[in-house]
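Participant: Need a 3D model of the sequence below.
(one chain, ligands or ions: 1)
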Amino acid sequence: MHAINEFVVKIASRCNLNCDYCYEYNMGDDSWKKQSKYISLETVTQLKFRIVEHLKDHPEIDQIFISFHGGEPLSVGVERLQNYCDVFKQICNEVPVRLSFSTQTNGVFLDEKMINTLKKNRVFVGVSVDGPKEYNDLHRVDHKGKSTFDETQKGIDRINELAKDYFNSVFAVIDLRIPPLEVFDYFGSIGVGHCDFLLPHHNWDLLPPRYGKSKTAYGEWLYEIWSAWIGGRNKHLNIRFFESIVRNFLGAESLYEAMTDAPASLITINSDGDYEGVDTLKSTGNSSQVLGYNVQKHSLNEVLEHQAVQQRQIGIKALCDKCLNCEHLKRCYGGYYPHRFKKLNGFKNESVYCDDLFYLISRMKEDLVKYKKLQNNA
Ligand code: SF4
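Facilitator: Residues are numbered from 1 along each chain as shown. Got it, this is the predicted structure:
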């Protein structure tokens, strides 16, 4: 059993936006409709108890990460957010551990009061935005179908002005119709240090849109950015997806739970206190994220014994034969877990992005070999 040190806490179950690709609301899972709008202080206090209990059982953990998610997490308002932070901070009085807060937001609620609250509690902020306005508008609209870009951009400008050190990252979901370098250059221009490009959540029963492009189109899209980046474009940016693959080439520890054989160390807790596997599993529309356990009744050690969690703890044993025999196994590890899903046989499949990943990793490898030769000759 590998202990949990990352807690994705769904502090709000509703969102002010209605992005069409959202796995929470628009991919067949309607569990949010029955959940509390905001997590209660009682649930947060009980979760704190569960985390302390877990840390006492696992003294090897010296740092935990609590990430506020939603819905739109910042829709809880400053008072609730402050109360949640106050409760979680008590963990450090009870066990010797470092605690880091972060949140993933659409940026619309980033007004001065909210930014000051985030700063005061040292909450690092990631903003979801798909690039310049015309591209962001393709998916990221409000409930009336209207653009949300201007409000997100205002939030980004405000946090740059008031709490730059806490503006941590931006994430875009890839759309093959968008020129990759335009998104990349937009990220390069908005004062952030970390970014990522996310493959949209699809699986073998819900294939990714390819818009008539090739079967490696997502790999090619990403390679265009990689190629520009290693050529020096926007070199101030860290790009998690690429860095993670490079770390895999070097045999270093992975940066996040996609593309790794490390046991899963992340658990999601919804606004009713139910533990869930990775929340992106909702994209399978199969309730695969549901564990049937709640913070009121179950400890985190019990959660670790759940078969669905064990499946994410057994590393390459969870992979299919195609992945096990793949030359890029130790760079790709079958891609992201939810992307392997097929109703017929669950998760023992290669990623639905297998061809893209194989293409991208092969090209990256060629570039890294060229680079090493250049260095050796220098
Ligand atoms: S490239 Fe494809 S076959 Fe190879 S490890 Fe990744 S998903 Fe599996």
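Participant: show me what contacts the residue of the stretch 151-300 of the chain found nearest the ligand?
Facilitator: Nearest residue of the stretch 151-300 of the chain to the ligand, counting by CB to the nearest ligand atom: Met259, 8.1 Å away. Just so you know, the C-beta spots here come from the backbone N, C-alpha and C atoms, and that holds for glycine as well. Going by CB atoms under 8 Å, 6 or more residues apart in numbering, Met259 touches 244-245, 248, 331-333, 335-336.
Participant: if we go to 10 Å?
Facilitator: Listed by CB atoms under 10 Å, 6 or more residues apart in numbering, the contact set of Met259 reads 241, 244-245, 247-248, 328, 330-337, 351, 357, 361.
Participant: Can you select the buried ones from those in PyMOL?
Facilitator: With 16 or more other CB atoms under 10 Å as the criterion, this PyMOL line picks the buried residues out of those:
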select buried, resi 241+244+245+247+248+328+331+332+333+334+335+336+337+351+357+361
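Participant: pretty sure Lys191 contacts Tyr166?
Facilitator: Not quite, residue 191 is Gly, not Lys. No - under the criterion of CB atoms under 10 Å, Gly191 is not in contact with Tyr166, lying 11.8 Å apart.
Participant: Would you map the helices across the stretch 151-300 of the chain?
Facilitator: Remark: helices assigned in the stretch 151-300 of the chain by DSSP state H, counting those that start in this stretch are 180-188, 217-230, 240-250, 300-305.
Participant: Mind checking those helices for the one nearest to Ile115?
Facilitator: Ile115 lies closest to helix 180-188 among the helices of the stretch 151-300 of the chain, at 20.1 Å (CB to CB).
Participant: helices or strands up against the closest one?
Facilitator: helix 133-136, strand 167-173, strand 194-198, helix 217-230 (3 or more CB pairs under 10 Å, 6 or more residues apart in numbering; DSSP states H and E).
Participant: Pipe those into TSV and attach distance to Lys343 per row.
Facilitator: As requested, these are exported to TSV (distance: least, CB to CB, whole Å):
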stretch	distance to Lys343
helix 133-136	32
strand 167-173	23
strand 194-198	23
helix 217-230	22
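Participant: The ones you listed into TSV, with extra columns for mean neighbour count and distance to the ligand?
Facilitator: Formatted as TSV, the helices and strands packed on helix 180-188 follow (neighbours: other CB atoms under 10 Å; distance: least, CB to the nearest ligand atom, whole Å):
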stretch	mean neighbour count	distance to the ligand
helix 133-136	18	27
strand 167-173	22	20
strand 194-198	21	16
helix 217-230	20	10
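Participant: Redo the ones you listed as a markdown table? Include mean pLDDT.
Facilitator: Output for the helices and strands packed on helix 180-188, formatted as a markdown table (pLDDT from 0 to 100):
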| stretch | mean pLDDT |
| --- | --- |
| helix 133-136 | 97 |
| strand 167-173 | 97 |
| strand 194-198 | 97 |
| helix 217-230 | 98 |
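Participant: Ranking helices and strands of the chain by mean pLDDT, which lands last?
Facilitator: Within the chain, no helix or strand scores below helix 307-310, which has a mean of 81 by mean pLDDT, DSSP states H and E.
Participant: chain center to that helix, what's the gap?
Facilitator: 20 Å (CA atoms, centre = their mean, to the nearest Å).
Participant: Please enumerate residues in contact with stretch 84-92?
Facilitator: With CB under 10 Å, 6+ apart as the criterion, stretch 84-92 contacts 7, 9, 11, 38-39, 41-49, 51-52, 55, 64, 66, 68, 73, 76, 97-99, 101, 117-118, 120-123.
Participant: circling back to that earlier point, out of the contacts of Met259, which are close to the ligand?
Facilitator: Here is what survives when those are matched to the ligand using CB under 6 Å from any ligand atom: 328, 332, 334-335, 351, 357.
Participant: Check these and tell me the two furthest apart.
Facilitator: His328 and Ser351 (11.1 Å).
Participant: Can you pull the residues that touch both of the two?
Facilitator: By CB under 10 Å, 6+ apart, His328 and Ser351 have these common neighbours: 259, 357-358.
Participant: hang on, the earlier thing: any idea how far the nearest residue to the residue of the stretch 151-300 of the chain closest to the ligand once chain neighbours are set aside lies from Asn238?
Facilitator: Nearest residue to Met259, sequence neighbours excluded (CB to CB, 6 or more residues apart in numbering): Tyr333, at 5.2 Å. Per CB to CB, to the nearest Å, Tyr333 is found 21 Å from Asn238.
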